[in-house]
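Participant: Sequence and predicted structure are below.
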Amino acid sequence: MMRRMASLPSGRVAKWVVLALWTALLVPALLLAGQLGDVEENDNSAWLPGNAESTKVVDRAEKFQPADTLPAIVIYDRPEGITPADMTKARADAEAFKGIKNVVGQAQGPVKAQDGKAIQTVVQVHKDKTGWEGIGKVVDAMNKVGEENVNGLGFHVTGPAGYASDSIKAFSGGGGLTTITASVVVVILLFTYRSPLLPLLPLLTVGSALVTSEAVIYLLAKNAGLTVNKQTSFILTVLVFGAATDYALLLTSRYREELRRHEDRHEAMAEALRRSSPAIIASAATVAVSLMLLMLATLNSTQGLGPACAIGILVGLLAMVTLMPALLVICGHWIFWPVKPSYGSAGATKEGFWTRVGTAVSGRPRMVWIGTALVLGVMAIGVFGLKADGLSNKDQFTNKPQMAVGEEIQSRHFPAGSGDPIYVVAEAASAEQVKTVLSGVPGVADVSTPMIKDGEAIMLGELKDAPSSTAAMRTVEQARTAVHRIEGADAQVGGNAAIVLDTQEAAARDSKVIIPIVLVMVFVILALLLRAIVAPLLLMATVVLSFGAALGVSSLMFHHVFHFAGAEASFPLLTFVFLVALGIDYNIFLVTRVREVTLLHGTRRGALMGLSTTGGVITSAGLVLAGTFAAMASLPLVFAAELGFAVAFGVLLDTTIVRSVLVTALTLDVGRWMWWPSKLFRHHDDPRPLVGEPELEPALRGM
């Protein structure tokens, strides 16, 4: 049955049917994928679960003010002192802002700083269905007004609206990210295949998979409540390009081998699919299941990222076992030009690089794996220095956008939290008591007079520190502790500072819950694939060690080389899921081949032959995936740069050291016990496996 199913995409007629079906599918997919941006939710409050205190405050505060507004804090500054003309301009600008679409309510200010060197005006911006993109247009219009007739007066828009505007501009590089990612893939494939034509097929297939994935995600976001944002979009692009291209490399490598053993290319592809599909499907299943487990997260952003990226992986898998084989067979041998594999030609040779690596490792495998594990353990020590407790708004960019400059100027001349207060909602009968208690919280600079409506009261607390700072988080915690003690008040604290705090706490909870479950599920998949217990346990241990080493080195690089202020609270969880799931991929590619050879030649010879035959393609796959994640650094966002670096470094570490050296050395040392308790465990090995033995070359060709 497997043989018949595998032969379908490569059939003489079926290949054209597959191509026609994918062509018909792409017509509506292109239309739907283009609308994905319309259903994105990029504001922080949309990412939180409904039971977060800040989310409840948003719901309760709707009766007092629209829930879909953000403050835009306008800052003017003149180092030598504000002039009367400057104040006149600020007042005129405040009136002009009212004429901008989606600017609502009455502006607060302009207010002159006590030191006489700056002016502040706070304007409320309505967030319509266009989300952050609409806010970006409002801020652009405000900039156009404010930058007229400045006469040396500094002008900046900061606060939540300024952050939203600069963020959407940073994310707008998504189109450029796709181009850069595709370029990276093409370059690596050119070096891998040494053919100017062959890389076009994986690129075409991956592009089809990405568009189809985006169409499916759009339908789920629109009709099934799936939460997606710009972060989801750029991670999806990188993941689909990287993982699907890996599957293409594995399939094409096996197809090239089979072309040397079959005169008919249709038969060669059917055999290549039959032999490579178990590893590809197991790999995709591991990644997809790991990503789907993110649905257990409380953060809506992380919860939505899981199924969205899992869809990308599964659609990529479908494309690589249907469209890619059909295209390869349709194109024929000439697609490999100038080095076309011919029937009866030689395949792998014992002089290959990975054969020599295997020879070196096989000399003293126990010393090799112990030494490698110790080195990785030392690298992992850097994890203890990782600061993954969130980033302030201004620290989330690798450059210095307008809002960051404006926030620095604001903090020099005004209370850092002015214009973006915390909101406290309570029962009307307890309003004055809540105000008194809130005024006594150390980090609160001022509390407004309570507004009362329908039995409830709301008051605004101005913070002494920037709302996204660590100090502001402590103030929110202290404020909550204080007002929660008031009996019968039902007081709750919200606002942007509270949203950031709730996001950090939810992300920390998600990591503690999801990481152990991911480990268990990946182990189960490996155990079912390999029909063993020891091998999955050892493979899991190597991947976790590799993850720790990658995170440790990344932490040192972030702090001492890139000088980032820290990392987002969700960074460890996402890095873990990507590195563990994708790292297991390469172990699956290797160990399934080792198991296949073990049936004929024993575990120790299987380890060496598996490394020799898969070393090149797995290294190429690792380079592709690392390159695609490294392309995330093209976005001027600290989160993208950190996630891209950590995953890229981890993948390279896994493919060049962990998989080739550590796993091979462990397999050689453990021997047939790798397969315990399966029947393969009872297959005895030759105690002296040597790569240079004369029967190895025919064995390699027969695999």
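Facilitator: Yes, it's here.
Participant: can you pull out the strands in the chain?
Facilitator: 69-77, 103-112, 118-126, 154-158, 417-427, 444-447, 451-453, 456-463, 492-495 (DSSP state E).
Participant: In CSV, list the ones you listed along with mean neighbour count and mean pLDDT.
Facilitator: (C-beta placed from N, C-alpha, C; glycine too.) Formatted as CSV, the strands of the chain follow (neighbours: other CB atoms under 10 Å; pLDDT from 0 to 100):
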stretch, mean neighbour count, mean pLDDT
strand 69-77, 25, 89
strand 103-112, 16, 87
strand 118-126, 24, 91
strand 154-158, 24, 92
strand 417-427, 26, 87
strand 444-447, 19, 90
strand 451-453, 14, 90
strand 456-463, 22, 90
strand 492-495, 26, 90
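Participant: wait, which of these is closest to Leu30?
Facilitator: strand 118-126 (32.1 Å; CB to CB).
Participant: ok so, going back, which among the strands of the chain is found nearest to Thr322?
Facilitator: strand 69-77 (45.6 Å).
Participant: helices or strands up against the closest one?
Facilitator: Using 3 or more CB pairs under 8 Å, 6 or more residues apart in numbering; DSSP states H and E, the elements in contact with strand 69-77 are helix 84-97, strand 103-112, strand 118-126, helix 132-146, strand 154-158, helix 159-171, helix 402-413, strand 417-427.
Participant: of all these, which lies closest to Leu197?
Facilitator: helix 159-171 (34.5 Å).
Participant: where does this protein have low pLDDT?
Facilitator: Scanning the chain for pLDDT under 70 picks out 1-7, 42-47, 50, 66-67, 129-131, 172-175, 343-351, 683-703.
Participant: Need the outlier residue of this structure, farthest from its centre.
Facilitator: Pro84 (50.1 Å; CA atoms, centre = their mean).
Participant: ok, that one to Val74 distance?
Facilitator: 18 Å (CB to CB, to the nearest Å).
Participant: What residues does Tyr163 make contact with?
Facilitator: Tyr163 is in contact with Asn393, Met403, counting by CB atoms under 8 Å, 6 or more residues apart in numbering.
Participant: The one 5 residues further on too?
Facilitator: Ile168 sits next to Asn42, Trp132, Glu133, Ile135, Gly136, Lys230 when contact means CB under 8 Å, 6+ apart.
Participant: export the residues you listed to CSV and tack on distance to Phe353?
Facilitator: CSV is the format used below for the contacts of Ile168 (distance: CB to CB, whole Å):
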residue, distance to Phe353
Asn42, 46
Trp132, 49
Glu133, 49
Ile135, 53
Gly136, 50
Lys230, 41
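Participant: out of those residues, what pair is the most spread apart?
Facilitator: Ile135 and Lys230 (13.1 Å).
Participant: what's the angle between the longest helix seen in the chain and helix 159-171?
Facilitator: Longest helix in the chain by number of residues (criterion: DSSP state H): helix 496-530. Interaxial angle of helix 496-530 relative to helix 159-171 (axes from the mean of the first three to the mean of the last three CA atoms, to 10 degrees): 40 degrees.
Participant: helices or strands up against helix 496-530?
Facilitator: Against helix 496-530 (3+ CB pairs under 8 Å, 6+ apart) you get helix 44-47, helix 53-60, helix 265-292, strand 417-427, helix 470-484, helix 534-560, helix 571-601.
Participant: now the spatially most central residue of the chain: how far from Leu519?
Facilitator: In the chain, the residue lying closest to the centroid (CA atoms, centre = their mean) is Ile235, at 4.4 Å. Using CB to CB, one obtains 21 Å as the distance from Ile235 to Leu519.
Participant: swap in Ala631?
Facilitator: 29 Å.
Participant: Give the residue from those two that has the larger number of neighbours.
Facilitator: Legend: neighbour count by other CB atoms under 10 Å for Ala631 and Leu519, higher for Ala631 (27 against 16).
Participant: More neighbours: Ile135 and Lys230, which one.
Facilitator: Ile135 (27 against 22).
Participant: List the contacts of that one.
Facilitator: Leu70, Asn102, Val125, Lys127, Ala161, Ala164, Ser165, Ile168.
Participant: Nearest spatial neighbour of it, chain-adjacent residues omitted?
Facilitator: Ala164 (4.4 Å; CB to CB, 6 or more residues apart in numbering).
Participant: what do you get for Pro415?
Facilitator: Pro415's closest residue in space is Ala445 (CB to CB, 6+ apart), at 5.0 Å.
Participant: Just to check, that neighbour is in contact with Gly417?
Facilitator: Yes - Ala445 lies in contact with Gly417 (CB atoms under 8 Å); the separation is 6.7 Å.
Participant: what is in contact with those two at once?
Facilitator: Common neighbours of Ala445 and Gly417 (CB under 8 Å, 6+ apart) are Glu462, Leu463, Lys464.
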